[in-house]
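# quick one, fold the following:
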Amino acid sequence: MEDRLVEAEATVEATPERVWEAWASPKHIARWFVDEAKGTIGRSRNVTWIWREFGLEVVYEVVEVEPRKRLLLRGSAPDGNAHEIETTLMAQDGGRTTIRVVQSGFEPGEEGDEAAEAGRSGWVLALAIMGEYVERHWGEERGGLLLMRPTRIALAELRRLLRTEAGLSLWLTRAGAVREEGSPVALRLRGGGEITGRVLRVTRDEAAVSWEEVNGVLELKTFPGDRGRTAALRVTCWGDPPASLERERRALDAALERLAALRPA
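Residues are numbered from 1 along each chain as shown. Have a look, this model is predicted:
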């Protein structure tokens, strides 16, 4: 049986030349997507993408390259499943660029459905972070944190807990919600501090919001697993880390503990 494809698309206020550099250069792709990259697309037959927090290192064959227009990579995940990632850049009026990412390698069936949705959601949020980097933080070093907790809460309930004012108030906030894309965000955290910005992207299960106080982005995420789901908060920030980041880390860590302690509905 043929595998399925997932697709994500975004338009950013940056030229195709800058967006291409964000993908092709190991230095730049490590400032929005991976923790480390080896090999420069266009000059290397293979590139390696590394995510240290997941202990993940994937080597990709560079199959096709049209600089500033198209890139096709082929690799294998740690579970052995082969996949391809095709990235297409389309120049728009006003110096803007539309980026479309298509990934193959998701198997049919219920598990494949869940993996495909998680993959699509991951790309949607990744492109939102890339947009913030190429538009507002070009050339700045990246910092941040990733906090995760396993939970037995069903996915439908997790969506409510990660998005709605009532759900967020049970573990993260004193006030505020994550609404439709482009809307303003004002979350008052239980542990002190606040998150102000705008909703960047929303998928079925996840969301990304800009976070002005830390010069970055907060992702509210959930990962599938063999023993239930994992809830996660990931912060990406650029430039000099704000002095408040350690305080925010403690507040977010305590919030995830509260979330993990909630009883399944």
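
# those strands in the stretch 151-265 of the chain, which residues are they?
173-175, 184-189, 194-202, 207-211, 216-223, 229-238 (DSSP state E, counting those that start in this stretch).

# save these as TSV, and put in mean neighbour count, mean pLDDT and distance to residue 75 too.
Using the backbone N, CA and C atoms, a C-beta is placed for each residue, glycine as well. Output for these, formatted as TSV (neighbours: other Cβ atoms under 10 Å; pLDDT from 0 to 100; distance: least, Cβ to Cβ, whole Å):
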stretch	mean neighbour count	mean pLDDT	distance to residue 75
strand 173-175	16	95	39
strand 184-189	17	96	35
strand 194-202	19	96	25
strand 207-211	24	97	25
strand 216-223	23	95	20
strand 229-238	21	94	23
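
# okay if I get the ones you listed as JSON lines plus distance to residue 247?
Converted to JSON lines, the strands of the stretch 151-265 of the chain look like this (distance: least, Cβ to Cβ, whole Å):
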{"stretch": "strand 173-175", "distance to residue 247": "16"}
{"stretch": "strand 184-189", "distance to residue 247": "10"}
{"stretch": "strand 194-202", "distance to residue 247": "12"}
{"stretch": "strand 207-211", "distance to residue 247": "13"}
{"stretch": "strand 216-223", "distance to residue 247": "15"}
{"stretch": "strand 229-238", "distance to residue 247": "12"}
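
# relative to residue 61, which of those is closest?
Closest of the strands of the stretch 151-265 of the chain to residue 61 is strand 216-223, at 26.5 Å (criterion: Cβ to Cβ).

# contacts for that closest one?
Strand 216-223 has contacts (Cβ atoms under 8 Å, 6 or more residues apart in numbering) with 118, 125, 128-129, 132, 144, 148, 155, 158, 162-163, 178, 195, 200, 205-211, 229-238.

# stretch 142-149 now?
Residues contacting stretch 142-149 (Cβ under 8 Å, 6+ apart): 30-32, 53, 133, 216, 223, 230-238, 241, 245, 249, 252-253, 256-257, 259-260.

# stretch 55-75 now?
16-17, 20, 23-24, 39, 41-42, 44-51, 76-78, 82-89.

# mark which of these are buried, thanks.
16, 20, 23-24, 39, 41-42, 47-50, 83-87, 89 (16 or more other Cβ atoms under 10 Å).

# ok, what's across the strand from residue 46?
Under DSSP bridges, the beta-bridge partners of residue 46 are residue 61.

# show me what contacts the closest residue to residue 76 other than its chain neighbours?
Spatial nearest neighbour of residue 76, chain neighbours left out: residue 82 (5.0 Å); criterion: Cβ to Cβ, 6 or more residues apart in numbering. Residues counted as contacts of residue 82 (Cβ under 8 Å, 6+ apart) are 74-76, 105.

# one more: residue 129?
32-33, 208, 217, 219, 236.

# any idea how far residue 224 is from the nearest residue to residue 259 once chain neighbours are set aside?
Excluding the flanking residues, the one nearest residue 259 by Cβ to Cβ, 6+ apart is residue 171, at 4.1 Å. Using Cβ to Cβ, to the nearest Å, residue 171 is found at 20 Å from residue 224.

# domain ranges for this protein?
4-136, 142-261 (automatic domain parsing).

# now the longest one, how far from the chain's geometric center?
How far domain 4-136 lies from its chain's middle: 11 Å, per Cα atoms, centre = their mean, to the nearest Å.
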